[in-house]
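Asker: only geometry, no sequence info:
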């Protein structure tokens, strides 16, 4: 009898299905105010000024945790994600972190370079 997948395995599979094929697909905004739809930012603030570091980090945490594939591509920016990753990886769930780092060696490498 096969064992049931654990909750963490199920969460990782959910996040993995949402991933873009390549980080270069992430063509979201780099600066200024961005309004997230309610299916992403459902518990409070919906407009984030990407020129403000704390708001930018909150915005990325929300999109990574809640976003579907199309949201990731529309709202995340490749260069910002790579630059934020060494800190951002400590603020997202382990499942999100492991899925993104295993799919994109560039993120895992950016973490080692910052260490």
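Answerer: Received it, and whenever you're ready, just let me know what you need. A quick note: this is a predicted structure, and the numbers were derived from the prediction, not measured. Numbering: from 1, shown residues only.
Asker: To what extent is residue 25 buried, counted in neighbours?
Answerer: Using other C-beta atoms under 10 Å, residue 25 is surrounded by 14 other residues. Quick note: C-beta positions are derived from backbone N, CA and C, even for glycine.
Asker: The residue lying closest to it once chain neighbours are set aside is in what secondary structure piece?
Answerer: Distances taken as C-beta to C-beta, 6 or more residues apart in numbering place residue 73 nearest to residue 25, at 5.1 Å, with adjacent residues excluded. Element membership of residue 73 [criterion: DSSP states H and E] is helix 69-75.
Asker: could you give the mean pLDDT of the next helix or strand after that helix?
Answerer: With elements assigned by DSSP H and E, the helix or strand that comes after helix 69-75 is helix 78-88. Across helix 78-88, pLDDT averages out at 96.
Asker: Now do helix 78-88: distance to the chain's middle.
Answerer: 9 Å (C-alpha atoms, centre = their mean, to the nearest Å).
Asker: So which elements touch that helix?
Answerer: helix 53-66, helix 105-114 (3 or more C-beta pairs under 8 Å, 6 or more residues apart in numbering; DSSP states H and E).
Asker: Contacts made by the first one with the rest, please.
Answerer: Counting by C-beta atoms under 8 Å, 6 or more residues apart in numbering, helix 53-66 makes contact with 34, 36, 39-42, 45, 48-50, 71-72, 75-76, 80-81, 84, 87-88, 91-93, 96, 100, all of which sit outside it.
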